[in-house]
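Undergrad: sequence unknown, structure follows:
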């Protein structure tokens, strides 16, 4: 079951219109308000409404030294007609799994393939006097070519994920060929290295 990690999910008093070349993002840092542990992202939730039929893009990107999206997409979901008409509601967006690292900042980026009309985009709720300490709203008016940080504003978001499976299960997956070896030959492992008795040599 997924766990809620980073979030800023109350206090909305304004909106950001995502359409055409306009993109909005929210940066976040693992461990700011959620557990400071590595975890695989499962899905995000965002508070928004949709004005028209369109295809929407939701991405987890890295950030540069200025806390702006760096264009490196770690996880992307493409959704046709995400959400519903006004009023705004929390919408769950399933994301391809990606390992988010403790004490690391990322950007949740959203944009659409609309025609550039203000009535054709998604309207994402935000707080113009936000208090999230691990990031802030970031805005682009040129399809991500450049970004402006709005340190006092925060978009409404939640990051949900799961702790990676490690230990004995991971070792078993490796032995069974489920560890991403891409068809490579699995090396033979001596029984005694797995806690089994050494084979005995019979003397006649």
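TA: On my side now, so go ahead. Nothing here was measured: the structure is a model prediction, and the numbers come from that model.
Undergrad: and the residue lying closest to residue 121 once chain neighbours are set aside, how many residues sit next to it?
TA: Excluding the flanking residues, the one nearest residue 121 by C-beta to C-beta, 6 or more residues apart in numbering is residue 19, at 2.7 Å. In this view, the C-beta of every residue, glycine as well, is placed from N, C-alpha and C. Other residues near residue 19 number 22, with proximity taken as other C-beta atoms under 10 Å.
Undergrad: Please, which helix or strand holds the spatially most central residue of the chain?
TA: Using C-alpha atoms, centre = their mean, the residue of the chain that lies closest to the mean C-alpha position is residue 60, 4.4 Å off. Per DSSP states H and E, residue 60 falls inside strand 55-63.
Undergrad: Then residue 124?
TA: Using DSSP H and E, residue 124 falls in strand 122-127.
Undergrad: now residue 27
TA: Residue 27 belongs to strand 23-29 when assigned by DSSP H and E.
Undergrad: Show me what the very next helix or strand once past that strand packs onto, helices and strands only.
TA: Tracing the chain past strand 23-29, the next element assigned as helix or strand by DSSP H and E is strand 39-50. Secondary structure elements in contact with strand 39-50, counted by 3 or more C-beta pairs under 8 Å, 6 or more residues apart in numbering; DSSP states H and E, are strand 55-63, strand 89-94, strand 99-100, strand 105-112, strand 122-127, strand 157-162.
Undergrad: next helix or strand past the fifth one?
TA: Translated: strand 122-127. In N-to-C order, the element after strand 122-127 by DSSP H and E is strand 137-140.
Undergrad: Parallel or antiparallel, which strands does that next one pair with?
TA: As defined by DSSP bridges, the strand partners of strand 137-140 come to strand 23-29 (antiparallel), strand 148-150 (antiparallel).
Undergrad: Can you list the buried residues in stretch 26-38?
TA: 26, 27, 28, 29, 30, 31, 32, 33, 34, 37, 38 (16 or more other C-beta atoms under 10 Å).
Undergrad: Among these, pick out the one closest to residue 160, please.
TA: Nearest to residue 160 out of the buried residues of stretch 26-38 is residue 34 (C-beta to C-beta; 9.7 Å).
Undergrad: residue contacts, that closest one?
TA: By C-beta atoms under 8 Å, 6 or more residues apart in numbering, the contact set of residue 34 is 3, 4, 5, 6, 7, 159.
Undergrad: neighbours of the last one, just the number please.
TA: For residue 159, the count of nearby residues is 25 (other C-beta under 10 Å).
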